[in-house]
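3D, please:
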Amino acid sequence: MIRNYEGDRLPVADPDYKQWIDIKQIRRMGRAIKMGVAASHMSLEAAGIRNPDAIIMGTAYGCLADTGVFLQKLVTQQEDMLTPTAFIQSTHNTVAGQIALLLGCHAYNNTFVHGAFSWKTRCKTACCFWQKILPAKSSRALLTRSQNTHIPFCAASDCIKISLRQICCTLPRQEPWQGGGRIFVLSAEKDEKSLAQLTAVEMLYRPASENETAQQLLAFLQRNGLQPSDISLLLSGRNGDERSDSYYEAVEKAIFNDTPVGAFKHFCGEYPTASAFAVWMAAGCLQRGKVPQEAMVKGDAPARVERILIWNHHQAKHHAFILLEKC
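Numbers count the residues shown, from 1 in each chain. Next up is the predicted model:
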């Protein structure tokens with residue numbers, strides 16, 4: 001469901017956390033932890049899995065909001081009568097640890113804090129985990145997460161321009177800063193609950209120009225035995241900012257002239273790990289076999305959806321190429 005919003009934030013739609021978390025624990029949890037725990041339960045229930053073989057997380061800023069709360073109280077209360085809760089919950093791996101405690105999962109647990117590359121790093125780690133750590137196991141289900149919460153000073157530091165707007169079928173002038181949490185269950189084996197196949201993930205840091213990015217993107221497709229014409233939909237990270245979108249347009253004109261192009265940030269907002277939302281959206285499109293017209297930027301929604309290429313960049317520095325296919 002698409003929600004209307006106004007202002008400089010696109011607020012997360014919080015579910016009823018009491019479905020998964022004891023009410024006494026909810027009061028002691030920060031918002032990021034509640035989001036992560038609830039999302040993990042929802043993902044595991046949808047996949048029909050009780051306990052994953054590993055928990056691999058990725059976040060750009062972690063629980064930095066709780067750090068800010070603690071430091072603010074440190075100043076306003078003159079270092080007196082401080083509660084340790086916000087400090088304890090301020091570490092980047094707090095969410096992964098809390099999920100493991102509540103699930104009773106004693107398996108591999110790691111959190112990557114690599115800025116805009118955090119989510120992509122965890123996907124590559126999951127692939128290595130399958131190949132080297134769990135080669136003999138049959139289930140090989142990994143719980144992977146990407147999460148960031150809205151932190152006011154982060155919007156300023158990333159130079160995001162804000163104005164009043166509402167969600168609509170076309171991209172607004174500039175996307176609002178946002179946060180969110182997505183948790184996926186990845187498995188080496190297909191079953192009746194599988195949504196899509198994650199075929200390849202690649203990262204590109206600080207390319208010299210749009211031309212270099214186009215060459216790297218074309219090489220990425222060729223390494224996977226594909227040409228631009230084999231892509232059903234290019235899902236780009238356009239965010240309504242002319243500085244950012246002109247980059248996408250230059251590469252699209254170079255190699256994706258005949259490919260339908262969609263966008264996703266007018267649904268979720270802009271934040272470093274927004275690629276994870278694109279993966280969730282693409283997986284749903286592949287499962288249903290159709291793309292909503294509201295997502296389209298160029299061309300009509302493809303009649304058949306077999307393969308979706310996600311290309312997102314954060315400030316033209318951190319580029320992610322993610323290929324998903326129908327399974």
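
Run through the helices of this structure in chain order.
Taking DSSP state H, the helices of the chain run over residues 23-26, 31-47, 64-76, 85-88, 94-103, 118-128, 152-157, 210-223, 242-255, 265-268, 275-288.

name the helices or strands packed onto the second one?
Yep, that's helix 31-47 we're talking about. Other helices and strands packing on helix 31-47, by 3 or more CB pairs under 8 Å, 6 or more residues apart in numbering; DSSP states H and E, are helix 64-76, helix 94-103, strand 141-148, strand 180-187. Every C-beta, even on glycine, is put in place using the N, C-alpha and C of the backbone.

what residue is smack in the middle of the protein?
Centroid-nearest residue in the chain: A276, 2.1 Å away (criterion: CA atoms, centre = their mean).

returning to that earlier point: make CSV out of the helices of the chain and add mean pLDDT.
What follows is these, written out as CSV (pLDDT from 0 to 100):
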stretch, mean pLDDT
helix 23-26, 90
helix 31-47, 88
helix 64-76, 83
helix 85-88, 78
helix 94-103, 91
helix 118-128, 61
helix 152-157, 40
helix 210-223, 97
helix 242-255, 93
helix 265-268, 86
helix 275-288, 92
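
Next, format the helices and strands packed on helix 31-47 as TSV and append mean neighbour count and distance to V251.
As requested, these are exported to TSV (neighbours: other CB atoms under 10 Å; distance: least, CB to CB, whole Å):
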stretch	mean neighbour count	distance to V251
helix 64-76	16	32
helix 94-103	20	34
strand 141-148	27	24
strand 180-187	22	25
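
Verify the contact between I308 and L226 for me.
No - checked against CB atoms under 8 Å, the pair I308 and L226 is beyond contact range at 11.9 Å.

who has more neighbours, these two?
I308 (27 against 18; other CB atoms under 10 Å).

per-residue confidence for that one?
Predicted confidence (pLDDT) for I308: 98.

Now it. Nearest residue, chain neighbours left out?
Spatial nearest neighbour of I308, excluding adjacent residues (CB to CB, 6 or more residues apart in numbering): A282 at 4.3 Å.

The one you found contacts W311, doesn't it?
No - using CB under 8 Å, A282 makes no contact with W311, being 11.4 Å away.

residues shared between the contacts of I308 and L226?
Common neighbours of I308 and L226 are listed as L323 (criterion: CB atoms under 8 Å, 6 or more residues apart in numbering).
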